[in-house]
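> Any chance you can model this:
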Amino acid sequence: MTLRRWPDTLPGPIEPGYQLTPADQALRTEMEVGPKRLRRITRARRDELTLAWKFTDAEFDAFRAWHGDEPRSLAGASDDLTGWTGIGATRGADTALGPGDALADRVTEDASTGLHYLETSLGAAAVAGRDMICHATLKSAGRPVARFGMVTRAGVLAHASIDLATGSFVGVQSGLASRGITNRGDGWWRIALAVPTGAGPTTPRLRVQLMSDALTTSYPGGGATGADVCEVGARLRTGADLFLRSDAAGDVLGAAGGTGWFLKDLAFGGGFKTVEARFTEPFNAQVLPGLGWHVTAKLEVRNA
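Residues are numbered from 1 along each chain as shown. Predicted coordinates for the structure are as follows:
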């Protein structure tokens, strides 16, 4: 199960505007004469927080999509490769714990000689003549190099190859408008590609392919080695294309319009703690110079 949590692509709250109000742990009764009668009714912390954020325009776009569980990815579930098909490789479910406690699947090569990959269709929504933004986070499970890319409408694989030990691009790339790598820690690397869909009858497909080295794509498989995969996504490029986790329908795993609990690191005294939080009312947003945004919201937390 993929946990709902604050996106790593969004900043944390700013200090001015961070206000904590603890819930009253006592029942207070006014007496006709004398002091109030006080009785403790709970030891649980049920803090309420008022938070503020400063977002760029792209971050505010992602925040709104996350807050409302909006449609985001044409690749379906970001952390589940169910339904992916290919040749020379199989899928293993929930084989590793990825960044942010995501359960990653594994692409494992078989013992045949040839290509070893899994891929998924992006459907007709990957329209011709547009760029796609494609994300995947990878970690070596025995294979030193992986290739990530998209089969375009012309039936050509646009791709980049990644050294999974160093997090660097190696070998050759083809058909990309841009590429980038982010270190997600513990050997995990998030790859972001901008890929023109091109023109033609082929339905675009997102692909994760194993390689024996920086240049060799066809080789005798070992039967057990591969790469772990999570944080997968693909969408039409808009210019505001920060990665957000998604469910099987491609909808963002977010705050469910303010009704859902999500995990977030917040300060309560004694350092930051990962707690469950939920919005208690609609957020407010004020536009700033340069098309930035100042956002405020009230949250309730539990397990603090």
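> List the residues that contact Ala249.
Pro71, Gly76 (C-beta atoms under 8 Å, 6 or more residues apart in numbering). Backbone N, C-alpha and C define where each C-beta goes, glycine included.
> Would you quantify the distance from it to Thr113?
According to C-beta to C-beta, to the nearest Å, Ala249 and Thr113 sit 38 Å apart.
> can I see the domain layout of this structure?
Following automatic domain parsing, one finds the domains of the chain at 19-70+254-302, 85-236.
> Buried deepest among those domains, which one?
Most buried of those by mean neighbour count (mean count of other C-beta atoms under 10 Å) is domain 85-236; its value is a mean of 19.
> beta partners of the nearest residue to Asp265 once chain neighbours are set aside?
Nearest-residue entry for Asp265: Phe272, 4.7 Å, with adjacent residues in sequence omitted and distances by C-beta to C-beta, 6 or more residues apart in numbering. Counting by DSSP bridges, Phe272 forms beta bridges with Ala267.
> shift numbering so it begins at 33
Renumbered: residue one is now 33, and that last one reads Phe304.
> Kindly confirm whether my reading is correct that Phe304 touches Ala336.
No: the pair Phe304 / Ala336 is not scored as a contact, 10.9 Å apart, by C-beta atoms under 8 Å.
> Report the set of residues contacting both of these two.
With C-beta under 8 Å, 6+ apart, Phe304 and Ala336 have common neighbours Leu298.
> re the thing from before, including distance to Pro45 and mean pLDDT, could the domains of the chain go into JSON lines?
JSON lines is the format used below for those (distance: least, C-beta to C-beta, whole Å; pLDDT from 0 to 100):
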{"stretch": "domain 51-102+286-334", "distance to Pro45": "4", "mean pLDDT": "89"}
{"stretch": "domain 117-268", "distance to Pro45": "18", "mean pLDDT": "97"}
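> Tell me which of these lies nearest to Asp40.
domain 117-268 (6.2 Å; C-beta to C-beta).
> Straight-line length of that closest one, end to end?
Domain 117-268 has its terminal residues 22 Å apart, counting by C-alpha to C-alpha, to the nearest Å.
> Check the offset of it from the chain's centre.
Distance of domain 117-268 from the chain centroid (C-alpha atoms, centre = their mean, to the nearest Å) equals 16 Å.
> Equivalent analysis for stretch 275-285, please.
8 Å.
> again with stretch 66-84
Using C-alpha atoms, centre = their mean, the offset of stretch 66-84 from its chain centre is 36 Å.
> Show residues contacting it.
By C-beta under 8 Å, 6+ apart, the list of residues contacting stretch 66-84 reads 45-46, 48-55, 57-63, 298, 300, 309, 312, 326-334, 336.
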